[in-house]
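Peer 1: Fold the following and give me the result.
(8 chains)
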Number of protein chains: 8
Amino acid sequence: MDREKVIELLENVRAGKVEVAEALRILKSLPYEDLGFAKIDTHRSLRKGFPEVILCKGKTPEQVTKIMERLSSRSEFVMATKASKEVYETVRKVRADAVYHETAKIVVIGQRKGKATEKTILVVSAGTADLPVAEEAAVTAEAMGNTVERLYDVGVAGVHRFFDHKEKLFQANVIIVVAGMEGALASIVGGLVDKPVVAVPTSTGYGASFEGLAALLTMLNCCAPGVVVVNIDNGFGAGYFASVINQMGEGT
Amino acid sequence: MDREKVIELLENVRAGKVEVAEALRILKSLPYEDLGFAKIDTHRSLRKGFPEVILCKGKTPEQVTKIMERLSSRSEFVMATKASKEVYETVRKVRADAVYHETAKIVVIGQRKGKATEKTILVVSAGTADLPVAEEAAVTAEAMGNTVERLYDVGVAGVHRFFDHKEKLFQANVIIVVAGMEGALASIVGGLVDKPVVAVPTSTGYGASFEGLAALLTMLNCCAPGVVVVNIDNGFGAGYFASVINQMGEGT
Amino acid sequence: MDREKVIELLENVRAGKVEVAEALRILKSLPYEDLGFAKIDTHRSLRKGFPEVILCKGKTPEQVTKIMERLSSRSEFVMATKASKEVYETVRKVRADAVYHETAKIVVIGQRKGKATEKTILVVSAGTADLPVAEEAAVTAEAMGNTVERLYDVGVAGVHRFFDHKEKLFQANVIIVVAGMEGALASIVGGLVDKPVVAVPTSTGYGASFEGLAALLTMLNCCAPGVVVVNIDNGFGAGYFASVINQMGEGT
Amino acid sequence: MDREKVIELLENVRAGKVEVAEALRILKSLPYEDLGFAKIDTHRSLRKGFPEVILCKGKTPEQVTKIMERLSSRSEFVMATKASKEVYETVRKVRADAVYHETAKIVVIGQRKGKATEKTILVVSAGTADLPVAEEAAVTAEAMGNTVERLYDVGVAGVHRFFDHKEKLFQANVIIVVAGMEGALASIVGGLVDKPVVAVPTSTGYGASFEGLAALLTMLNCCAPGVVVVNIDNGFGAGYFASVINQMGEGT
Amino acid sequence: MDREKVIELLENVRAGKVEVAEALRILKSLPYEDLGFAKIDTHRSLRKGFPEVILCKGKTPEQVTKIMERLSSRSEFVMATKASKEVYETVRKVRADAVYHETAKIVVIGQRKGKATEKTILVVSAGTADLPVAEEAAVTAEAMGNTVERLYDVGVAGVHRFFDHKEKLFQANVIIVVAGMEGALASIVGGLVDKPVVAVPTSTGYGASFEGLAALLTMLNCCAPGVVVVNIDNGFGAGYFASVINQMGEGT
Amino acid sequence: MDREKVIELLENVRAGKVEVAEALRILKSLPYEDLGFAKIDTHRSLRKGFPEVILCKGKTPEQVTKIMERLSSRSEFVMATKASKEVYETVRKVRADAVYHETAKIVVIGQRKGKATEKTILVVSAGTADLPVAEEAAVTAEAMGNTVERLYDVGVAGVHRFFDHKEKLFQANVIIVVAGMEGALASIVGGLVDKPVVAVPTSTGYGASFEGLAALLTMLNCCAPGVVVVNIDNGFGAGYFASVINQMGEGT
Amino acid sequence: MDREKVIELLENVRAGKVEVAEALRILKSLPYEDLGFAKIDTHRSLRKGFPEVILCKGKTPEQVTKIMERLSSRSEFVMATKASKEVYETVRKVRADAVYHETAKIVVIGQRKGKATEKTILVVSAGTADLPVAEEAAVTAEAMGNTVERLYDVGVAGVHRFFDHKEKLFQANVIIVVAGMEGALASIVGGLVDKPVVAVPTSTGYGASFEGLAALLTMLNCCAPGVVVVNIDNGFGAGYFASVINQMGEGT
Amino acid sequence: MDREKVIELLENVRAGKVEVAEALRILKSLPYEDLGFAKIDTHRSLRKGFPEVILCKGKTPEQVTKIMERLSSRSEFVMATKASKEVYETVRKVRADAVYHETAKIVVIGQRKGKATEKTILVVSAGTADLPVAEEAAVTAEAMGNTVERLYDVGVAGVHRFFDHKEKLFQANVIIVVAGMEGALASIVGGLVDKPVVAVPTSTGYGASFEGLAALLTMLNCCAPGVVVVNIDNGFGAGYFASVINQMGEGT
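Peer 2: As a prediction, this is how the structure comes out:
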């Protein structure tokens, strides 16, 4: 549309209908994206079938509902993370088709279409208490069209349980490791495989876990290369990033 | 080789040359990797042409030299990071062919062979003081067979300089952002592109930068999805991870 | 008044009605401000039409109500910040004319008179969750007689949205930037404009935002000069300071 | 110049010398600032007579020298902060006219011209050890055309010394307070005057001053409104900001 | 009593009724305090009329009640600090004579007798929100027999209010300063008087006050000598210490 | 069992029933522990009579109940720590034989059998508020078959109380010290005895105890050798470790 | 003197030589202390025989020397703390009578006269590495006219050594405890005696002592009442405060 | 000796040579240990053949030398840790028989005699940079009479290397794990074995390792029970504690 506006303007300049000085003024005041800054195009294409995502934390249920409604008018798929049950109940009142992933604390509206990949993202988590964050990552990656495998409750305290599932590790294309407390699981996975590992520290634990700081520092200091880190409890960010790299070379 | 040992053992069992009990004992005591845990194979193949990397920090020049010598006997390419000039001088005494990337503080021995990719990794850095870390990332990525572009000194304080180079941003396949002080460059890049961004906080700055803590926290809290973080000053880790994902789908 | 007391005293000394020693004693024991320390005058003049401000945090609704009543007896305008709805309800019982700015969490009594300026203070905020702090700043600045523009929800994750509104940025005289999580918005604004920028970190976010610490450090390390920082969530302080500098050169 | 380029382009479009499609492509790829984003104009005008500033920390003396040379080719005044004597000596070799403000650790090349103001910026500092930061602020403000008063060594431990100079306080238009250790001086000044106060915590002190953290927190928590804060030891930032607001309403 | 046991033992040794070896064995196994380690005597004498103090935090109301009952059986005065209303209600059920200092959150049983001093302890506090801690200090000091003056709400933001009361400052023998947020009040008082100042940081404030950390660091870094610090919110500790030094030289 | 599988496989190889290549494939895919990695055996033997332990924190009562049921199907004794009363109530609905140690916040199902030792573990705690953690340690150690002595409420503020019980100190084989606030009790015990001391910092306290950080740092810096530390509030970990070393040399 | 000026002014007013308006103006502009604010008098009297103290940290040897010279022109006794040997050497060049307390790192000029007290301040320190801070406290207290006892190297690791000297503990009037690492010595002393204890954490130690933070937190959380804290390594502050309270009731 | 004094005193009482009151007074003032507090005896026996240990950090070479000389006059074995080469050179001047363990940074004088045990302490370390701390632990444990095995350079980044040495792990009686950076090695070892594990975080690493804080937190949060932690870089403490528990049940 805006592209068309510029063309129209230039044609008007050519036709002598618009003065050069006037054209200059208009060009300057056009919204930035009208000039085709690539991100915008990308963004627009992403909107077709890609989740727009709302972080519920710090917003009232009413605010979340309003934003979801507004976004779903121009997007076939809308997603809200860190959504309490109360948020979901409020959204459902106006959108009966809203779906709640309870463990993941994610509310979605609509059906995402578009590309899907067979390549697997494996979500590994250390303990039951890490499930909400692990599921946030898994549901996000699925929403973005990836095949997701889950390997839960394979904490370091029983490393042997972990080795029972090494097939899953080696078949995955990208691995997300979700762990709280000492977060050492990321180091072990990073030491075993040569796939990209996205580590998510969680606020699970108590005492000197300092709300996830211990796991965060562990993962940042991971001496196995091939491990990167996202914010504490940021399952969404991990799922999103894993999806981006899982679909690399698939003709974006 | 070890694979062969197991086959030989099984054949000896079949031939009745080795007792079952004895075979059991040997199987248990075999080095773990003999059973073909995938990482090891990977590792072995990686050794052909891939850098083995030594972190010099905390090691004496003599220790680094010895390790490099040992590794270069079984690897055609050896790399040492965070290497002071003194380390290089010590290595050079026994290996005249050692090369020193002075800004990157990397010493390499040998010539890496093997696959290379045309897809570009772009290394963006905020300021002159971030150069050593940016170069550590760039040299690492080059060593791993990637095409590397550099876009240096495009700090947030002059955002417009940054926009001059948007072509480079959009042509890259993976972007590494290196920034100290407030580290906001990662947020800006992450907000503009939809390529994976690997953010490297640096210890550049003073006062409340707290040796890189400020940049680290900024990058971890980046609200643009698609940004992941490595340790403060860990240019090597960023270069390595960027290489892994840059070469995904290239027939590993 | 007190000024008059000193004059009276001096005249009594001149008239011989008061001994020198006695005058000396009285001078020493006079309340400090009687001697005209400028702040007091300023203060007194400020009281005409300027908000006296109560921070509700840590005070009971009853305490706030009492203080507001006492102050409104000698001030035509009284303002209380960080006021919960409960505080407002308690105040309203005794002052039916109290007004509650719900998002800003500000209670005001009375009508402020006095100077107003046409020059604009622009309040920019990154996300919906930052609204309470942004509104605290905006309402404060309005209460102090400034023209206030709002530019909300222009976070870094969609920098392009930000550029759509550059007119507002360039027309403002002073800019307040309110942002949580990584707080990079302050850096971007500071890098684009040459107006004074007052940055307010908020406790919005989770994980490694550490209740606003990440945003605070980002803003303190901002490499664009022309950016200063107030306490986390201190919308009032930012609004107040912005007002002071917005009205400079307007004949205080 | 670039403005001219766009006009030329538009005229060529009008003259039919350039196709619309071609014009569109050129418009998109033009450097961003060519479209007249205001900051750039501002920037350009600022360059006339205004310091371009280099932070020496983290740069080698050779790097600083090169940057200063390059900048001074297009700017009549160049300034480098946090410059050690060694940096100065290196710069002087190629620029004999370089001047070193030793206490402020600032190197300048050239003579700044342009507007100056009679309105005073007062720099208050607590102790002898805070002098380098205080001088960095003062020299910066002077370089930017302000009249600067200094009031040094008026620490809290002897508040009475402070009151001796209240005239200076009340005559200033903007006040910069530089203090380490507990940083309480900012609170006292902020409690006495109604002028904008820019507080600079310094890393002066020992033990629980934690390299300036104590002073930083004190200043951020200052309950007197009208006080804003810059990074620890950031005398330049304070001088710059103070200058910006000191010259407000002076016909920028 | 135990003293008597030792005397009896020694007399039995003298009378030959107890063997030396046996006496040695008994001496070794006697409870430690039987040998008159001075603290014990002190302690015993203190019990006469001096509060035994229970910190309620972390204890259930039932536990507090039981401890108070047990202590009041051997002490004429028992005191519990950080006591919620619920604690008081529970205590009152079994001890109808319990008294609740609501602001100070102190429950007392019994009447303290014994020495009292005319010398004044002045409790200065910065804001209304600091009252609970200030009152904890004041009630404690009164319970220990001191004359206590209160000077509340004299924060730094209005230093002049503080100077109005300088008489109180100069008449006090010991001064307790209670302040949250930036805690600068301690520095100001310490800079004005030459009496011992006991500074109590409080958890009052928000944002970068970090639950009292800012005030604590400010007070520890106080450059005025003559200021010492107790734990955040430790009104009791300040009141106790102030009492000990207020009564020095009064014939303990 | 699994051991038998490998033997069977080898015998089949010997008998020519299984091809060598096939045997190799099976060996690689066998669960890791089948190869008899010692830990597994240990683990299996431990299961006979040893608690499997669930950390309730971060898990829903329903999750805890399900895990306890599953574990108790293969273990005669199951234990859950940090269990709220609500967890217990939920567990009891399906397992009426569940027992709740209320102070220790531990739920157990079943009766542990197996070895017990006469050697004593002494649990020393500083104050009433530390009881839950102390009891968690004591109940754990008892569950593991140790004789446990308790010595509670012997805080540093009344060191003499501590010395009354020195017999207990010298008779113990291992000592667990549980203390919050300043945590100095560990230093005192460590300075008096030559038995191994396991120190448990607790989150008891307020203000600068920073949720147990103060006690943790104190204990880590303990200059008396022979003191080791576990996580804040980790009574279970201390009880477990104390049990392991208390039973050393008892024929594991 | 200034007092005289006011009297002279008042007499001139009485004599009609000075107008009332003029007198008012002069009164306002008089240096604050001229009006007899008590601190000033105190200060003046203190100057007779009392140390003026310079903190050398952050000052050049030349700056220290100049300040000492200036102060010694109006004070019979001047003291500089945290003085390196280099500082002393520089001072000695212009003041051959300067004395260096090497361990305490204190330089003094002149001889302090005035009151002295028989009452003892006991300085207790934990280890050899704490000596500089302990001596700073001791030398300061001696300089202020107190009798000082030293009890060094009685760390917690050998509590029994401590008990050997209990006489010294009970004979002291005020006790200064200097300790690094875990700082538990303050708790033990505070638990044994009922004298005021001034605790000085030191930066002695390594690892998790975090430059004195561990000791600082320990001392702040000391559950024995009667213990107050000064800044890390602030021996001077402790000596000064101890002196003030040691001389209370001695006719200030 | 002192025991004899008490006997002598009691005999004098029996003989009527000493009055009961006098005896009481003497008993009170006797040095504490004279009464046979068990630690002292233990201590005395330990002195025969057991290292007295000096921490060199914070002491001058001269101080260390003097202390070593004094101690070696009454002990056949003296040990100093964290000793720089300079310390050793200074000691050697007066004690030519001093031995320097260069990597461990330990100086010893004399030959330790006494019990030794066959049971093995295994010291595992992650990287070359951790060697000094690992050796401090190993040399300490050897000095105390233990058989020590070393397993160095088995970091997490190559977990497979670690499994090659599992025999060593299972044969050890106590395991010391020394690791910097993320410190995950302790979790892995703790998850594999059921022997007591003493974890030593080291200050190895850079960036977010924050001088060992990351490794410390990881180890404290280790979810495998059976792992305890000592201070950062405290190899001596780990070696000492490991020795104490390795020799349990060996007839202390």
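
Peer 1: what about the strands in chain A?
Peer 2: A:52-55, A:77-81, A:99-101, A:106-110, A:120-125, A:147-151, A:174-179, A:197-201, A:227-229 (DSSP state E).

Peer 1: Quick check: which ranges of the stretch 151-252 of chain A have low pLDDT?
Peer 2: For the stretch 151-252 of chain A, the stretches with pLDDT under 70 are A:155-164, A:166, A:249-252.

Peer 1: Which residues of it lie near chain B?
Peer 2: Listed as neighbours of chain B in the stretch 151-252 of chain A under the rule C-beta under 8 Å from any C-beta of the partner chain: A:166, A:170, A:173, A:191-196, A:198, A:216, A:220-223, A:225-232, A:236-237, A:240-241, A:244-245, A:248-250. Bear in mind the C-beta positions are built from the backbone N, C-alpha and C, glycine included.

Peer 1: for the strands of chain A, which one sits closest to G:Met144?
Peer 2: G:Met144 lies closest, by C-beta to C-beta, to one member of the strands of chain A: strand A:197-201, at 52.7 Å.

Peer 1: Model confidence for the nearest residue to A:Gly145 once chain neighbours are set aside, exactly?
Peer 2: Closest residue to A:Gly145 apart from its sequence neighbours, by C-beta to C-beta, 6 or more residues apart in numbering or on different chains: A:Ala116 at 4.0 Å. Looking at A:Ala116, its pLDDT is 77.

Peer 1: OK, contacts around whichever residue of the stretch 151-252 of chain A sits closest to chain E?
Peer 2: Nearest to chain E, among the residues of the stretch 151-252 of chain A, is A:Phe210, at 13.5 Å (C-beta to the nearest C-beta). Residues in contact with A:Phe210 (C-beta atoms under 8 Å, 6 or more residues apart in numbering or on different chains) are H:Leu217.

Peer 1: for the one 10 residues further on, same thing?
Peer 2: For A:Leu220, the contact set (C-beta under 8 Å, 6+ apart) comprises A:229, B:216, B:229-232, H:182, H:207-208, H:214.

Peer 1: Just the buried ones from the residues of the stretch 151-252 of chain A next to chain B?
Peer 2: For those, a burial check counting by 16 or more other C-beta atoms under 10 Å in any protein chain shown picks out A:166, A:170, A:173, A:191-196, A:198, A:216, A:220-223, A:225-232, A:236-237, A:240-241, A:244-245, A:248-249.

Peer 1: wait, what's in contact with the closest residue to chain F within the stretch 151-252 of chain A?
Peer 2: Per C-beta to the nearest C-beta, A:Gly207 is where the stretch 151-252 of chain A lies closest to chain F, at 3.0 Å. Shown in contact with A:Gly207 (C-beta under 8 Å, 6+ apart): F:201, F:203, F:212, F:216, F:231-234, H:220-221.

Peer 1: Next, find the distance separating A:Ile175 from chain H.
Peer 2: For A:Ile175, the distance to chain H equals 15 Å [C-beta to the nearest C-beta, to the nearest Å].

Peer 1: cool, and A:Val20?
Peer 2: Here the criterion is C-beta to the nearest C-beta. By it, A:Val20 lies 55 Å from chain H.

Peer 1: which ones are touching the residue nearest to A:Leu185 when sequence neighbours are not counted?
Peer 2: Nearest residue to A:Leu185, sequence neighbours excluded (C-beta to C-beta, 6+ apart): A:Ala179, at 4.2 Å. By C-beta under 8 Å, 6+ apart, A:Ala179 lies in contact with A:125-127, A:130, A:155, A:185-186, A:199-202, A:204, A:215, A:219.

Peer 1: can those residues go into TSV with extra columns for neighbour count?
Peer 2: Shown next, in TSV, are these (neighbours: other C-beta atoms under 10 Å in any protein chain shown):
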residue	neighbour count
A:Ser125	30
A:Ala126	28
A:Gly127	26
A:Asp130	30
A:Gly155	24
A:Leu185	31
A:Ala186	32
A:Ala199	29
A:Val200	34
A:Pro201	36
A:Thr202	30
A:Thr204	31
A:Ala215	36
A:Met219	35
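
Peer 1: Relative to chain G, which residue of the stretch 51-200 of chain A is the closest?
Peer 2: A:Glu182 (16.4 Å).
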